[in-house]
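Participant: structure, please.
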Amino acid sequence: MTLREIIADEIFRVGAIPFSRFMQLCLYHPQLGYYSREHEQFGRDGDFYTSSDVHAVYGRLLARQFDEMWRALRSPGRVTVVELGPGRGLFAHDVLNWAAGRFPAFATALHYVLIESSPSLHSRLQQRFADEIAAGRVSLFRSIADAPQCDAAIVFANEFFDAVPVDVISGPGQLYIESDASGGFGETWREPDEAARRFVAEFGVAPGARERVEAAPQLRALVAEIAAKFDRGFGIVVDYGYTRPELEAGLHRDTLRAFHRHRLRTNLLASPGEQDITADVNFTAIAQLARRAGLEAMPLLRQSQFLIGIGEPTQFADVFDGCMLPQEHTKRALQLKHLITPEGLGEAFKVLVLYRGVERESVQRLSGMAFTR
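Facilitator: Below is the predicted model:
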């Protein structure tokens with residue numbers, strides 16, 4: 001059966017399904033979901049770019065920040081970096097290599113944990129990090145629940161939360177997906193369920209008659225599960241998203257969209273499993289849910305502020321290391337520009353730093369937090 005047929009069969013059996021269920025099946029069906037299929041999702045040959053696709057400089061700068069965080073934790077003999085949704089492992093590879101060469105004390109204490117639910121990507125990561133896994137420096141798990149409990153940890157989530165399935169709320173109610181007469185899928189509206197209604201009341205805004213807003217009730221359990229995995233440490237969430245005041249100002253309404261071959265597609269119901277579906281992240285919800293789970297949150301930053309804070313003290317030495325020719329220096333400068341300028345990823349992406357078991361003054365002294373001081 002195709003994924004379209006599987007979804008249609010479920011609708012036939014149970015009736016119209018919430019959009020969050022449709023999105024869950026499209027992205028994460030074990031065999032046919034977008035992230036489960038054997039195809040290239042990332043980079044030039046895929047559907048979208050991440051910061052790690054730009055250049056290894058992203059991982060280099062974050063390795064420097066991880067080293068500072070380890071020192072803020074008073075340099076424990078073992079610290080676990082947990083990466084959620086590592087994809088092909090480019091970022092992990094860059095961090096491990098740069099830490100080994102530039103921050104040997106941190107590298108000796110570092111154990112890297114990859115959490116990847118996609119069967120195809122899980123297999124690729126096993127192959128890529130076979131030596132590190134055999135040596136005990138890297139571990140690979142399919143879910144957060146499978147990962148071990150950590151004393152000291154740094155949890156890193158880059159473009160992870162934007163793929164959490166969401167519900168859609170509008171004036172007519174909550175969006176459900178039904179089968180239409182032509183064999184495709186159509187929209188219908190129902191009374192909002194309690195989980196979606198509560199999420200909007202706590203972290204969102206009531207939409208106007210023709211407006212749509214997203215609700216992500218799954219964040220409650222997800223954030224709590226992540227926070228429960230470590231006793232002290234940091235969380236770094238990097239994604240495109242918004243705060244509740246921005247919602248109240250009329251921004252970030254109806255942010256659901258799909259991508260295929262780097263092109264924006266407006267029909268979210270077409271081609272199940274063949275296009276990425278994503279929504280802007282509610283950072284107010286993540287911060288408040290993290291606080292309820294025992295973490296503290298720093299002020300939200302733009303990616304440009306975060307990376308400039310890390311790089312400026314060393315004049316971006318991590319970026320330009322190894323440049324022997326002027327053209328190499330120019331190329332690196334352009335790659336850095338793409339990460340930090342409004343025309344690139346610098347303004348679109350936000351960074352939320354969470355922490356527990358560390359004095360706030362120590363967190364504020366981190367180079368990435370320079371713009372919060």
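Participant: dump stretch 11-22 to CSV, keeping only the CA atoms.
Facilitator: Only the C-alpha atoms of stretch 11-22 are listed here, as CSV (Å, rounded to 0.1, in the frame of the first residue of the first chain):
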residue,chain,number,x,y,z
ILE,A,11,-9.9,7.7,7.7
PHE,A,12,-12.3,5.1,6.4
ARG,A,13,-12.0,3.1,9.6
VAL,A,14,-12.1,5.9,12.2
GLY,A,15,-13.4,9.0,10.4
ALA,A,16,-11.7,12.3,9.8
ILE,A,17,-8.3,12.6,11.6
PRO,A,18,-6.7,15.7,13.2
PHE,A,19,-4.1,17.4,11.1
SER,A,20,-1.5,16.5,13.7
ARG,A,21,-2.2,12.8,13.0
PHE,A,22,-2.0,13.4,9.2
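Participant: buried stuff in that stretch?
Facilitator: Residues of stretch 11-22 classed as buried by neighbour count (16 or more other Cβ atoms under 10 Å): Ile11, Ala16, Ile17, Pro18, Phe19, Ser20, Arg21, Phe22. (Each C-beta comes from the backbone N, C-alpha and C, glycine too.)
Participant: could I get the pLDDT score of His39?
Facilitator: pLDDT, His39: 56.
Participant: could you identify the helix or strand that succeeds the helix-or-strand element of the chain with minimal mean pLDDT?
Facilitator: Among the helices and strands of the chain, helix 51-54 carries the lowest confidence by mean pLDDT, DSSP states H and E, at a mean of 61. Once helix 51-54 ends, the next helix or strand along the chain (criterion: DSSP states H and E) is helix 57-72.
Participant: tell me the strands beside the helix or strand that that next one is followed by, with direction?
Facilitator: Following helix 57-72 in sequence order, the next helix or strand is strand 79-84 (DSSP H and E). Applying DSSP bridges to the sheet, strand 79-84 is found paired with strand 110-115 (parallel), strand 150-158 (parallel).
Participant: name all residues that make contact with the spatially most central residue of the chain.
Facilitator: Nearest to the mean C-alpha position of the chain, by Cα atoms, centre = their mean, lies Phe160 at 2.1 Å. Taking Cβ atoms under 8 Å, 6 or more residues apart in numbering as the criterion, Phe160 is in contact with Leu84, Gly85, Val237, Asp239.
Participant: and those residues as CSV, adding neighbour count, distance to Leu307 and pLDDT?
Facilitator: Below are the contacts of Phe160 laid out as CSV (neighbours: other Cβ atoms under 10 Å; distance: Cβ to Cβ, whole Å; pLDDT from 0 to 100):
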residue, neighbour count, distance to Leu307, pLDDT
Leu84, 22, 20, 97
Gly85, 20, 20, 95
Val237, 27, 15, 98
Asp239, 22, 15, 96
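Participant: so what's the residue count around Gln127?
Facilitator: Neighbour count of Gln127, defined by other Cβ atoms under 10 Å: 9.
Participant: just the pLDDT for Arg332.
Facilitator: For Arg332, pLDDT reads 78.
Participant: so Ala293 sits right up against Leu222, yeah?
Facilitator: No: using Cβ atoms under 8 Å, Ala293 makes no contact with Leu222, being 10.4 Å away.
Participant: for Ile277, helix, strand, or coil?
Facilitator: The assignment at Ile277 comes out as strand when based on DSSP: H, G, I helix; E, B strand; the rest coil.
Participant: please name the bridge partners of it.
Facilitator: Ala258.
Participant: report the contact partners of it.
Facilitator: Residues near Ile277 by Cβ under 8 Å, 6+ apart: Met23, Cys26, Leu27, Tyr34, Ala163, Leu256, Arg257, Ala258, Leu268.
Participant: pick the one among the buried residues of stretch 11-22 closest to Glu312.
Facilitator: Ser20 (41.3 Å; Cβ to Cβ).
Participant: quick one: that closest one is in a helix?
Facilitator: Yes: counting by three-state DSSP, Ser20 is part of a helix.
Participant: hmm, it is touching Asp167, no?
Facilitator: Yes: with contact defined as Cβ under 8 Å, Ser20 counts as touching Asp167 (4.6 Å).
Participant: how about low-confidence regions in the protein?
Facilitator: 39-55, 262, 344, 346 (pLDDT under 70).
Participant: now with 90, please.
Facilitator: Counting by pLDDT under 90, the chain contains low-confidence residues at 1, 35-57, 118-120, 180-184, 208-210, 250-251, 259-266, 270-271, 314-348, 373.
Participant: leaving out the residues flanking it, which one is nearest to Val200?
Facilitator: Ala215 (5.1 Å; Cβ to Cβ, 6 or more residues apart in numbering).
Participant: do you know how far that neighbour is from Gly15?
Facilitator: Using Cβ to Cβ, to the nearest Å, Ala215 is found at 20 Å from Gly15.
Participant: ok, back up a step: and for Ser20 and Asp167, which residues touch both?
Facilitator: Common neighbours of Ser20 and Asp167 (Cβ under 8 Å, 6+ apart) are Pro217.
Participant: which one in the protein is furthest away from the centre?
Facilitator: Max distance from the centre of the chain (Cα atoms, centre = their mean): Ala181, 36.9 Å.
Participant: contact partners for it?
Facilitator: So Ala181 contacts nothing (Cβ under 8 Å, 6+ apart).
Participant: check the secondary structure at it for me.
Facilitator: Strictly by three-state DSSP, Ala181 counts as coil.
Participant: restricted to helices, list the contacts of Ile277.
Facilitator: When the contacts of Ile277 are checked against helices (DSSP state H), the matches are Met23, Cys26, Leu27.
Participant: the stretch 151-300 of the chain: helices as residue ranges?
Facilitator: Ranges of helices within the stretch 151-300 of the chain are 194-203, 218-227, 244-248, 283-292, based on DSSP state H, counting those that start in this stretch.
Participant: having no further points to raise, I will conclude here.
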